[in-house]
Structures are given as structure tokens and as C-alpha cells.
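Student: fold the following.
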Amino acid sequence: MTWHRHLGVYGICYQEGRLLVVHKTNGPYRNRYDLPGGTVEPQETLPEALEREFMEEAGLEVEVLRQAGIGEYVVPSPIREHSHIQHLAILFEAACSVPTSFRTDRRSDDAKGAEWVSLADISADNASPLVLSAKLYLAGDPNAFASRKLDTWIVKA
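Tutor: From the prediction side, this is the model:
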């Protein structure tokens, strides 16, 4: 078993009982909801990376409010001759000034579209571990970002 390590920054934008999510098209979370975010580029601060990723994936400007936590998710995903991805996610609360009816089909390199989803409609079957952690965080769970090794994770075709 070998792991590929990925470090990224992600935003929790929540209002009126809805979480802003993107539709993943690549990677271990494809065909699921994920949080807007991704890799930090050289000479880019974490908030700058998050602002850029929100614009690329959702076409939205955001205000980065505060760091929410750091999550670790280990999921099976054959990539670059590895058996798993160790996903290290730095999560921030972010403010979006768009109505919860907002939806877009904007494309980026690994996501297609963004929309607001009710927390009640988020499940292990339709969401990434980051979205599930965000749901726990918003419910006040102090262990929302605990390390998770998800050996039974299924990458959807």
C-alpha cells in the first residue's frame, strides 16, 4: 500500500440552511458534492488560494472569514501508481453574497458547476468526506475534522 499526499484549501460557505458545493468530475470524489477549493499555488497565501478556487469553480467572489480546522482523509484511489490518497484539507469559513437559489454549470479542471444544497440532503452516498465534515462542523461536532481512514470508500464511475 502506497499513498499519494495531496494538500489543499477548502471553503465552507453556509447560509439559510444550505452549503455551497461543487460537482466533482475527477479524482476520488468524482460524481459527488465537494467543497470549493484545491491546491495552493506557489507564492499564494491560503486565503488567496481559496479566493482563486471559488472563482475558478463557482465564478464567485468570497470573503475568507476564519480557519475552521484541518482534516485528514485517506481514501482508496489508484493514482500515479499509488493505492490511496492522503488528503490533507485546510478548511476555512467563507462568506458568499449570492442567493441560495444560485446555481452554475461553470467548468474547471475537476469540477462542473456549483449549487447550494440543504444539509438534510447531504449523505455519505452523495458527498465527499470534506462535505460530510463540514456538515458535522456546522452542527457543532467538536470532532468534525478528526482524521479518517476510509477503507471502504467507493470512487464513483
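
Student: just the element for Trp116, please.
Tutor: strand 111-118 (DSSP states H and E).

Student: buried residues in that strand, which are they?
Tutor: By 16 or more other CB atoms under 10 Å, the buried positions in strand 111-118 come out as 111, 113-117. (Each C-beta comes from the backbone N, C-alpha and C, glycine too.)

Student: cool, stretch 89-106 as well?
Tutor: Judged by neighbour count (16+ other CB under 10 Å), stretch 89-106 contains these buried residues: 89-94, 96, 98, 100, 106.

Student: give the other helices and strands that the lengthiest strand in the chain contacts.
Tutor: Counting residues, the longest strand in the chain under DSSP state E turns out to be strand 62-79. When contacts are defined as 3 or more CB pairs under 8 Å, 6 or more residues apart in numbering; DSSP states H and E, strand 62-79 sits against strand 3-12, helix 46-58, strand 82-96, helix 129-138, strand 148-149.

Student: helix or strand right after the first one?
Tutor: So the one you mean is strand 3-12. Per DSSP H and E, the first helix or strand lying C-terminal to strand 3-12 is strand 14-15.

Student: what's in contact with that following strand?
Tutor: Applying CB atoms under 8 Å, 6 or more residues apart in numbering, the contact partners of strand 14-15 are 20, 93, 96, 100, 116, 134, 138.

Student: who's His87 bridged to?
Tutor: His87 has the following beta-bridge partners by DSSP bridges: His6, Tyr73.

Student: and the closest residue to Glu16 other than its chain neighbours, what pLDDT?
Tutor: Counting by CB to CB, 6 or more residues apart in numbering, Glu16 lies nearest to Thr100, which is 4.9 Å off, once chain neighbours are set aside. With respect to pLDDT, Thr100 has a value of 73.

Student: also Leu119?
Tutor: For Leu119, the predicted pLDDT is 97.

Student: hmm, it is touching Leu136, no?
Tutor: No - Leu119 lies out of contact with Leu136 (CB atoms under 8 Å); the separation is 10.1 Å.

Student: direction included, what does the lowest-mean-pLDDT helix or strand in the chain pair against?
Tutor: Here the helix or strand of the chain ranked lowest by mean pLDDT, DSSP states H and E is strand 103-107, holding a mean of 77. With DSSP bridges as the test, strand 103-107 is paired with strand 111-118 (antiparallel).
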